[in-house]
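> Curious how this folds, go ahead:
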Amino acid sequence: MTDQNTADLNRRPVLEWIVGAVSALLVCAIIVYLGHEALFGDTDPPELNATIDKVQRVSGHTLILVAVSNVGDQAAAEVVVGATVHGEEFETDKKEISFDYVASHSVRRGAFLLSGSNVNADDVHLAIQGYVKP
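As a prediction, the model looks like this:
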């Protein structure tokens, strides 16, 4: 083989150069975007909401299934949800449940077990008691 034939075989195709350049630009764009978000991006604190999913009667007790949603941009740890039960047929009852971690833009579920089988969703008031930044 001559030197010219060897040189032609070692040359890179134009398509390979184009793909390499586009890939390098994409990697650089991602690095710039992530750097900008880290330095200047707005992050909302955790925004936690507790709602009642379902009320079930279980062998003389009432099971209140709750959902805790976090629509904020930051996560929350050790989230404490309190439930206060008011009713004419029973005395006021206070319960708490703790969630280890609620990620941003996620929902965690739990349940309160209340004494008495005649508790309705209208009798229960839920409130977020507090959380810790992880």
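
> got the domain boundaries for the chain?
Split into domains by automatic domain parsing, the chain comes to 3-40, 48-132.

> Out of the ones you listed, which is the most enclosed?
Among those, ranked by average contacts under mean count of other Cβ atoms under 10 Å, first place goes to domain 48-132 (a mean of 15). Glycine gets a C-beta too; all of them are placed from N, C-alpha and C.

> Span of it from start to end?
One end of domain 48-132 sits 12 Å from the other (Cα to Cα, to the nearest Å).

> Disregarding flanking residues, what is the spatial nearest neighbour of T92?
Using Cβ to Cβ, 6 or more residues apart in numbering and skipping the chain neighbours, the partner closest in space to T92 is H86 (5.6 Å).

> Pipe the domains of the chain into a markdown table and attach mean pLDDT per row.
Listed next are those as a markdown table, based on pLDDT from 0 to 100:
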| stretch | mean pLDDT |
| --- | --- |
| domain 3-40 | 85 |
| domain 48-132 | 90 |
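
> in the chain, which spans are helices?
3-10, 14-40 (DSSP state H).

> Output those helices as a markdown table; include the columns distance to P46.
Converted to a markdown table, those look like this (distance: least, Cβ to Cβ, whole Å):
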| stretch | distance to P46 |
| --- | --- |
| helix 3-10 | 58 |
| helix 14-40 | 18 |
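
> Between those, which one is closest to K133.
With Cβ to Cβ, the closest approach to K133 among the helices of the chain belongs to helix 14-40: 17.2 Å.

> gap between the closest one and the chain center?
Here helix 14-40 is found 28 Å from its chain centre; the criterion is Cα atoms, centre = their mean, to the nearest Å.

> Give me the packing partners of that helix, helices and strands only.
Here helix 14-40 touches no other helix or strand, going by 3 or more Cβ pairs under 8 Å, 6 or more residues apart in numbering; DSSP states H and E.

> quick one: contacts for V58?
Residues near V58 by Cβ atoms under 8 Å, 6 or more residues apart in numbering: L113.

> hey, what's it bridged with?
Counting by DSSP bridges, V58 forms beta bridges with H61.

> next one: L114
Using DSSP bridges, the bridge partners assigned to L114 are T62.
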